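Trainee: Sequence plus the predicted model coming up.
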Amino acid sequence: MQNTVFHLGLNRSMLEGATLAIVPGDPERVSRIAGLMSGAKKLASHREFTSYLAYLDDRPVVVCSTGIGGPSTSIAIEELAQLGVNTFLRIGTTGAIQPNVDVGDVIVTQGSVRLDGASSHFAPMEFPAVANFDCVTALVNASREMGSKTHIGITASSDTFYPGQERYDTANGHVAARFVGSLKEWQALGVLNYEMESATLFTMCAANGWRAGCVAGVIVNRTQQEIPNEELMKQTESDAVAIVVAAARNLLSESF
Ligand SMILES: O=P(O)(O)O[C@H]1O[C@H](CO)[C@@H](O)[C@H]1O
Ligand SMILES: O=c1cc[nH]c(=O)[nH]1
């Protein structure tokens, strides 16, 4: 009898030896990602964690959503690792903060500013939230081959969507003192964008010797607008989905 992990509802035999996982935030993205591979089948769905298994050149790949933010991401990654996964590719949406990054562009993160809490449960703050070089290379190559305008750099990865990303379009317009002026500071330091999972993902993977990468489609540029255009957002997301699947294929064949 195989042990089922605590939250994902998966056991080792269900993963058929998969060592690579594609991990989007949004559960609805999972079937779309798996659908770009062959033999996609749903494995489980619990809370924010929806999982599919699919095949790239006959090699199994697990696709599992993390939900939003570090705590749920840490659970998904930990439980997938318990089942034998050692390479994790996050595919997300993101808000750019540099004026030269356009909606529809793609960002591959090299390292993340740790504006989360969960990463500190794996390593002290002095430890970098850094992506794995093989994963970065595979994602950058895939993105460029697809013809996407590709940016490579540092991401601010925040526990919160509103105050941590210094958003004032909220119910009471208040941002905690710690974050007032933070967007400007990240811009001055060359940070490209905000999202909410990569700091936890990179820190826990680097601390454990697992490989992790993150690719994100730019759905807003915070220097221009706060609310995304629905149509552009869908296109951007599907471009990033195609990129992560191509990168997974390259990583599995180690042909990058
Ligand atoms: O599109 P996903 O993967 O969910 O990523 C981004 O979108 C969510 C916020 O809207 C956060 O999870 C953020 O990281
Ligand atoms: O601005 C954005 C857009 C998507 N996801 C984020 O976390 N921030």
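Mentor: It's in. Ligands and ions are numbered 1, 2, ... in the order given.

Trainee: biggest helix in this structure, by residue count?
Mentor: Longest helix of the chain, by residue count under DSSP state H: helix 230-253.

Trainee: For that one, the averaged confidence score.
Mentor: What helix 230-253 shows for mean pLDDT is 97.

Trainee: Same question for stretch 183-194.
Mentor: Summarised as a single mean, pLDDT over stretch 183-194 is 98.

Trainee: Give me the distance between the two termini of it.
Mentor: Taking C-alpha to C-alpha, to the nearest Å, the first and last residues of stretch 183-194 lie 9 Å apart.

Trainee: Does at least one residue of that stretch sit close to ligand 1?
Mentor: No: judged by C-beta under 6 Å from any ligand atom, stretch 183-194 makes no contact with ligand 1; its nearest approach is 7.9 Å. All C-beta atoms are positioned from the backbone trio N, CA, C, and that covers glycine.

Trainee: Buried ones in that stretch, by neighbour count?
Mentor: 183, 186, 187, 191, 192, 193, 194 (16 or more other C-beta atoms under 10 Å).

Trainee: and which of the residues you listed is nearest ligand 2?
Mentor: Set against ligand 2, the nearest of the buried residues of stretch 183-194 by C-beta to the nearest ligand atom is residue 194 (4.5 Å).

Trainee: hang on, the closest one packs against residue 219?
Mentor: No: using C-beta atoms under 8 Å, residue 194 makes no contact with residue 219, being 11.1 Å away.

Trainee: what do the two both touch?
Mentor: Common neighbours of residue 194 and residue 219, counting by C-beta atoms under 8 Å, 6 or more residues apart in numbering, are 94, 95.

Trainee: and residue 166, how far is that from residue 176?
Mentor: According to C-beta to C-beta, to the nearest Å, residue 166 and residue 176 sit 10 Å apart.

Trainee: which stretches of this protein form helices?
Mentor: Under DSSP H, the chain gives helices at 12-15, 28-34, 70-82, 133-145, 182-188, 198-208, 230-253.

Trainee: tally of neighbours for residue 43?
Mentor: Residue 43 has 19 neighbours, counted by other C-beta atoms under 10 Å.

Trainee: Show the contacting residues for it.
Mentor: Neighbour list for residue 43: 9, 10, 14, 51, 52, 53, 62 [criterion: C-beta under 8 Å, 6+ apart].

Trainee: For the stretch 51-200 of the chain, which residues are neighbours of ligand 2?
Mentor: Proximity of the stretch 51-200 of the chain to ligand 2 is confined to 93, 94, 95, 161, 165, 194, 195, 196 under the rule C-beta under 6 Å from any ligand atom.

Trainee: which ones are touching the spatially closest residue to the first one that is not a sequence neighbour?
Mentor: Ranked by C-beta to C-beta, 6 or more residues apart in numbering and with sequence neighbours excluded, the top spatial neighbour of residue 93 is residue 219, at 4.7 Å. Under the criterion of C-beta under 8 Å, 6+ apart, the contact partners of residue 219 comprise 93, 94, 95, 103, 228, 232, 233, 236, 237.

Trainee: Intersect these with the contacts of ligand 1.
Mentor: Among the contacts of residue 219, the residues that sit close to ligand 1 (C-beta under 6 Å from any ligand atom) are residue 93.

Trainee: out of the contacts of residue 219, which is most surrounded?
Mentor: Most neighbours among these, by other C-beta under 10 Å: residue 94, with 28 neighbours.

Trainee: quick one: residue 89 from residue 197, how far?
Mentor: According to C-beta to C-beta, residue 89 stands 12 Å off from residue 197.

Trainee: Now for the two: what residues contact both?
Mentor: residue 214.

Trainee: can you list the residues of the chain near ligand 1?
Mentor: 24, 25, 26, 68, 92, 93, 161, 195, 196, 197.
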